[in-house]
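Predicted model follows, preceded by the sequence.
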Amino acid sequence: MQTLKEMIFGKRSERLATLVAEQLALELDDLETSVTPPAAANDDVPAAKPADKPRKKARRNIGALPKHLPRCEQVLEPEVTACPCCQGQLHKIGEDVSEVLDVIPAILRVLRTIRPKYGCRGCTDGVVQAKVLPRLIEGGMASTALVTHVVVSKFAWYLPLYRQVQILAGQGIHLDRATLAGWVKRAAWWLRSLYELQLRMIQAAPRVFCDETPMPVLDPGRHRPRICQFWAHAMDDQPWGGPSPPAVAYVFADGRGTKEIAGQLTGFSGILQVDVCGRPTKCKQNLTSEQACGRVLTCVRPRDATSTRRGPLWNAWIGSNSAMRALWHSSTC
């Protein structure tokens, strides 16, 4: 009765204290009743524990390392090779071999190129000297190997330039990030012809996949990055055993509009495989029905209900041309 009065007419803090005290008392009472009494002592033999499963034999790594790696052998001879009993010379009766994977960290060095001059003692016109080797960066102090290492670390292993600057500083080489950026820009200039050749090879394929991904770009004077686009042009005939090797090339663009993708596809006459969205529809407005159906195949990840394979937009695209319907039914998309 007292508890009920305190809950109705008492202060909030007093009511909370009463509830907490009663709850603790109930929990302690439950703990006391839940404790099981100890078993009576007797002479019964305890039940045997189930036998543990035998451990699997550990796999040793001898011979498991790649065969193409060079082997650097080191032989550890004992300090004494004389018999402790008769002092005779011991002979080899066997050996234990173990292999571990080792690494040699990148070593920075200064490559000095010396070009001796040779002249004739009898005349003054016979001076001979080797020509200067071409450099990736004329007048620069970085070798081709160093520039290649920076480019591969940035784009293949996702190591930003500022981290590479810190790594070089840890070895006593202090460079500015702008210097490494200049190296990357120069390497891109040398690789431009190879990039254009790969892009032409992809666009000459009978079927190409194309999609874009946003790319934030720092723009001086703006409070936030400018959102540009990386367009990926890819081809892969491996799933159906095609002869062409897989390839992908990226095209940087300021936007993702119709004019941009139409300009990138200039001269392309094959099948374009894209995501289902509004851009293929706009691209086909300037084409005839036969060109449009033979150019855009929208069968990858539909993004809305009106663009699904059973929607009205999809039925309009597929139903406008009999060759397109046959291509869709025979495609593995």
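On my side now, so go ahead.

for the chain, which helix is longest?
Longest helix in the chain by number of residues (criterion: DSSP state H): helix 177-203.

Pull out the buried residues from that helix.
180, 183, 186-187, 199, 202-203 (16 or more other Cβ atoms under 10 Å). All C-beta atoms are positioned from the backbone trio N, CA, C, and that covers glycine.

What are the boundaries of the helices in the stretch 51-200 of the chain?
In the stretch 51-200 of the chain, the segments counted as helices under DSSP state H, counting those that start in this stretch are 144-155, 161-170, 177-203.

Compare these and report which one is nearest to L65.
Closest to L65 of the helices of the stretch 51-200 of the chain is helix 144-155 (Cβ to Cβ; 24.1 Å).

Buried ones in that closest one, by neighbour count?
Within helix 144-155, the residues that count as buried by 16+ other Cβ under 10 Å are 146-147, 150-151, 153-154.

any low-confidence regions in the stretch 51-200 of the chain?
60-63 (pLDDT under 70).

which residues in the chain form strands?
117-118, 128-129, 207-217, 226-235, 247-253, 271-275, 296-300 (DSSP state E).

mind giving me TSV with those strands and columns for distance to L101?
Putting the strands of the chain into TSV (distance: least, Cβ to Cβ, whole Å) gives the following:
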stretch	distance to L101
strand 117-118	47
strand 128-129	46
strand 207-217	36
strand 226-235	35
strand 247-253	32
strand 271-275	42
strand 296-300	41
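
Mean neighbour count and distance to T81 added to these, as a markdown table?
Formatted as a markdown table, the strands of the chain follow (neighbours: other Cβ atoms under 10 Å; distance: least, Cβ to Cβ, whole Å):
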| stretch | mean neighbour count | distance to T81 |
| --- | --- | --- |
| strand 117-118 | 8 | 54 |
| strand 128-129 | 10 | 56 |
| strand 207-217 | 16 | 67 |
| strand 226-235 | 17 | 65 |
| strand 247-253 | 15 | 61 |
| strand 271-275 | 19 | 72 |
| strand 296-300 | 19 | 72 |
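
Which among those is found nearest to L194?
When those are compared by Cβ to Cβ, strand 247-253 sits nearest L194, at 10.2 Å.

Give the pairing partners of the closest one; include direction for each.
strand 226-235 (antiparallel) (DSSP bridges).

Alpha carbons only: can I get the strand it pairs with in CSV?
What follows is strand 226-235 as a C-alpha-only set of coordinates in CSV (Å, rounded to 0.1, in the frame of the first residue of the first chain):
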residue,chain,number,x,y,z
ARG,A,226,33.5,20.5,-59.8
ILE,A,227,31.8,17.2,-60.7
CYS,A,228,33.1,15.9,-64.0
GLN,A,229,32.7,12.5,-65.6
PHE,A,230,34.9,9.6,-66.6
TRP,A,231,33.4,7.7,-69.5
ALA,A,232,34.4,4.1,-69.8
HIS,A,233,34.5,2.4,-73.2
ALA,A,234,35.0,-1.3,-72.8
MET,A,235,35.0,-4.5,-74.9
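
now the angle between helix 177-203 and it, please.
For strand 226-235 against helix 177-203, the angle by axes from the mean of the first three to the mean of the last three Cα atoms, to 10 degrees is 40 degrees.

if we can go back for a sec, now for the strands of the chain, which one comes closest to P84?
Across these, closest to P84 is strand 117-118 (Cβ to Cβ), at 64.7 Å.

same for that closest one, what does it pack against?
strand 128-129 (3 or more Cβ pairs under 8 Å, 6 or more residues apart in numbering; DSSP states H and E).

Give me the phi and psi angles of P54.
As for P54, its main-chain torsions (degrees, to the nearest 10) stand at phi -60, psi 140.

before we move on, the earlier item: looking at the strands of the chain, which one has the lowest mean pLDDT?
Ranked by mean pLDDT, those bottom out at strand 296-300, with a mean of 49.

so how far is the first residue of stretch 215-229 from its last?
Start and end residues of stretch 215-229 are separated by 5 Å (Cα to Cα, to the nearest Å).

could I get the helices of the stretch 51-200 of the chain as TSV with distance to G126?
Output for those, formatted as TSV (distance: least, Cβ to Cβ, whole Å):
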stretch	distance to G126
helix 144-155	33
helix 161-170	45
helix 177-203	37
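
So which of the ones you listed is nearest V127?
Per Cβ to Cβ, nearest to V127 of the helices of the stretch 51-200 of the chain: helix 144-155, 28.7 Å.

could you give the angle of that closest one to helix 161-170?
Relative orientation of helix 144-155 versus helix 161-170 (the same axes, to 10 degrees): 130 degrees.
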